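1. Just the structure for this:
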Amino acid sequence: MSQTRSLQAVSSACVLLSLAACSGLGNEGDARSLVARGRFEEAVRVAAAEVERNPDSAQAQADHRDATIAYLLEEGRQQTFRDEDDAALVTFARALEVDPSNKCRGRDRRGVGGV
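-> Residues are numbered from 1 along each chain as shown. Coordinates of the predicted model:
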């Protein structure tokens, strides 16, 4: 499988992760809303602050995980636009590693460097 096809397969799987991360929208300044508006870096900061305030909150932890995944997916997407496909593959693999229980983990990921 060519590197481009591998990148497309990983990108497709990651888009599904991103959609799952955005499935519930909350208040305008919360992490989910920020992700939905494409403000990924800010979403990660807001979610991290919420985890610090409420470290035992499963929702805060999930929001932080989802914001981090969305941020990494956007970073990988931008890398592909800059023709940095090897870096993008690593970034997409990092996004998959954020949530080891995600259904995409078990799919064929040849070409992702075995990560």
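2. Quick check: buried residues in stretch 80-96?
-> 80, 88, 89, 91, 92, 93, 94, 95, 96 (16 or more other C-beta atoms under 10 Å). Yep, even glycine has a C-beta here, placed from its N, CA and C like the rest.
3. try stretch 53-68
-> Applying a neighbour-count criterion of 16+ other C-beta under 10 Å, one finds 60, 62, 63, 64, 65, 66, 67, 68 buried in stretch 53-68.
4. Let me know whether the fourth one touches residue 48 as I believe.
-> Yes - counting by C-beta atoms under 8 Å, residue 64 does reach residue 48; the two are 5.8 Å apart.
5. After the helix or strand bottoming out on mean pLDDT in the chain, which helix or strand is next?
-> None of the helices or strands of the chain scores lower by mean pLDDT, DSSP states H and E than helix 3-21, at a mean of 56. As assigned by DSSP states H and E, the chain's next helix or strand after helix 3-21 is helix 31-36.
6. Name the nearest residue to residue 46, ignoring sequence neighbours.
-> Nearest non-adjacent residue to residue 46, counting by C-beta to C-beta, 6 or more residues apart in numbering: residue 31, 4.9 Å away.
7. Number of residues surrounding that neighbour?
-> 31 (other C-beta atoms under 10 Å).
8. Pretty sure it sits against residue 65.
-> No - using C-beta under 8 Å, residue 31 is not in contact with residue 65; the gap is 10.0 Å.
9. how about residue 31, what does it touch?
-> Residue 31 is in contact with 43, 44, 46, 47, 50, 63, 64, 66, 67, counting by C-beta atoms under 8 Å, 6 or more residues apart in numbering.
10. any idea which of these is closest to residue 36?
-> For the contacts of residue 31, the minimum distance to residue 36 (C-beta to C-beta) is 8.9 Å, reached by residue 43.
11. Pull out the buried residues from the helix or strand where that closest one lies.
-> Using DSSP H and E, residue 43 sits in helix 40-53. By neighbour count on 16+ other C-beta under 10 Å, the buried set for helix 40-53 is 40, 42, 43, 44, 45, 46, 47, 48, 50, 51.
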